[in-house]
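# can't give you the sequence, but here's the structure:
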């Protein structure tokens with residue numbers, strides 16, 4: 001019993017009733033003009049529904065009156081995301097808006113009727129039970145009063161309660177159906193969600209590459225300085241650790257800024273034009289770098305150049321982590337419509353180090369997202385990372 005009466009304690013029940021009553025204001029105004037043609041308002045809302053902005057207005061009303069506070073289950077705080085608040089973009093949206101207005105007006109007529117007549121019937125049933133016979137109620141053709149009619153008095157109120165709750169729920173279902181996102185809006189939302197997921201993945205990769213590179217350089221430099229026992233070498237090692245750590249902190253601050261402001265574009269990321277910084281960091285860590293740059297790297301598109309920088313960074317990090325101070329041959333070339341990047345170093349007994357292979361997987365994923373290819377693994381006595389990225 002308590003569960004059946006619970007809608008009476010919910011504000012949504014009354015906001016839905018108000019939502020259905022609003023069109024009756026328009027009908028009431030028309031009735032002052034011509035009571036013989038009550039169907040005219042239903043015709044007048046047809047051109048009204050064809051106006052694009054009307055769909056937005058109906059969406060806002062539906063969100064805040066038909067389903068207020070239901071956004072938590074749909075991904076938006078306090079809003080029903082299944083109801084669109086965008087203006088009509090196509091004729092299909094306009095026609096759906098017209099159908100919504102007609103349905104809202106039809107249900108409004110029903111609600112207005114039951115809200116007036118059912119309470120009146122209850123009052124008349126009570127009056128009939130006391131000896132009064134009404135002659136102006138078409139729903140009670142009673143000629144003789146009787147006390148038993150008082151037992152029927154609660155039934156119209158129960159019917160009124162069921163009608164208000166049921167029609168409000170029906171209007172909500174219709175609004176979600178006719179005001180739901182169009183195919184274009186659903187596609188745009190899906191693309192936005194995909195971009196957000198890709199952005200999170202990219203941020204995770206950047207943190208792995210940047211912080212992993214900095215920590216690897218710091219560990220290698222500290223170990224080399226301790227083994228060398230030379231104050232001069234120790235000073236150079238500390239300087240390299242300082243420079244690498246400062247660069248990592250800048251990357252970390254930028255990435256955290258993106259996380260704090262999800263709408264801010266991620267800009268200022270390093271490109272292959274700044275590859276000398278990576279090479280110098282690897283050299284000061286003991287690696288013997290032989291680098292060859294061919295072609296106009298400054299003309300490489302931004303996304304390709306930025307991802308290429310991260311691929312080179314992760315490749316050098318892997319060399320320092322697993323091979324130590326070994327000769328490294330690097331070739332970066334712009335060849336036609338392809339950027340070619342290759343990092344090779346002699347195969348040695350693996351030096352234990354942190355990591356679970358996510359670096360190499362990240363290299364392959366970066367290349368794949370840009371439509372390129374990546375090969376990693378042994379090749380003719382060397383360990384190679386060979387990546388080709390299209391420039392288009």
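Great, that's in hand. In this text the structure is predicted, and so the values were computed from the model without any measurement.

# read off the pLDDT value for residue 196.
What the model reports as pLDDT for residue 196 is 63.

# kindly report the same for the one 4 residues further on.
The confidence metric pLDDT takes the value 68 at residue 200.

# ok, now which ones touch the residue of the chain most remote from its centre?
Here the chain reaches farthest from its C-alpha mean at residue 144, the gap being 66.6 Å by Cα atoms, centre = their mean. By Cβ atoms under 8 Å, 6 or more residues apart in numbering, the contact set of residue 144 is residue 133. Placement of C-beta: from N, CA and C, glycine included.

# state whether it is indeed within a helix.
No: going by DSSP: H, G, I helix; E, B strand; the rest coil, the assignment for residue 144 is coil, not a helix.

# for residue 109, see how far away it is.
33 Å (Cβ to Cβ, to the nearest Å).

# which stretches of this protein form helices?
Using DSSP state H, the helices of the chain run over 2-5, 11-33, 40-49, 52-61, 91-129, 149-152, 154-178, 183-228, 231-260, 275-284, 302-322, 358-369.

# domain ranges for this structure?
Segmentation of the chain into domains, based on automatic domain parsing, reads 2-181, 186-390.

# by mean pLDDT, show me the worst of those domains.
Among the domains of the chain, domain 186-390 carries the lowest mean pLDDT, at a mean of 77.

# from the chain's centroid, how far away is it?
Offset of domain 186-390 from its chain centre (Cα atoms, centre = their mean, to the nearest Å): 29 Å.

# what does stretch 140-158 give?
56 Å.

# buried residues in that stretch, which are they?
140, 149, 153, 156 (16 or more other Cβ atoms under 10 Å).

# got it, and stretch 99-113?
For stretch 99-113, a neighbour-count test (16+ other Cβ under 10 Å) marks 100-105, 107-109, 111-112 as buried.

# ok, now which ones touch the closest residue to residue 371 other than its chain neighbours?
Counting by Cβ to Cβ, 6 or more residues apart in numbering, residue 390 is the residue found nearest to residue 371 once chain neighbours are left out, at 5.2 Å. Counting by Cβ under 8 Å, 6+ apart, residue 390 touches 304, 337-339, 370-372.

# neighbour-wise, which of those residues leads?
residue 339 (26 neighbours; other Cβ atoms under 10 Å).

# you'd agree that one is up against residue 308?
Yes: Residue 339 lies in contact with residue 308 (Cβ atoms under 8 Å); the separation is 6.0 Å.

# what touches both of those two?
In contact with both residue 339 and residue 308: 300, 332, 389, using Cβ under 8 Å, 6+ apart.

# which one among those residues gets closest to residue 169?
Within those, the smallest distance to residue 169 is 54.8 Å, found for residue 389 (Cβ to Cβ).

# and the closest residue to that closest one other than its chain neighbours, what does it touch?
Among residues not flanking residue 389 along the chain, residue 372 sits closest, at 3.8 Å (Cβ to Cβ, 6+ apart). By Cβ under 8 Å, 6+ apart, the contact list for residue 372 reads 387-390.

# make a ChimeraX selection of the buried ones in the residues you listed.
Applying 16+ other Cβ under 10 Å to the contacts of residue 372, the buried members can be selected in ChimeraX as follows:
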select :387,388,389
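
# compile the contacts of residue 372 into JSON lines and extend it with columns for distance to residue 23.
Formatted as JSON lines, the contacts of residue 372 follow (distance: Cβ to Cβ, whole Å):
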{"residue": "387", "distance to residue 23": "63"}
{"residue": "388", "distance to residue 23": "63"}
{"residue": "389", "distance to residue 23": "59"}
{"residue": "390", "distance to residue 23": "57"}
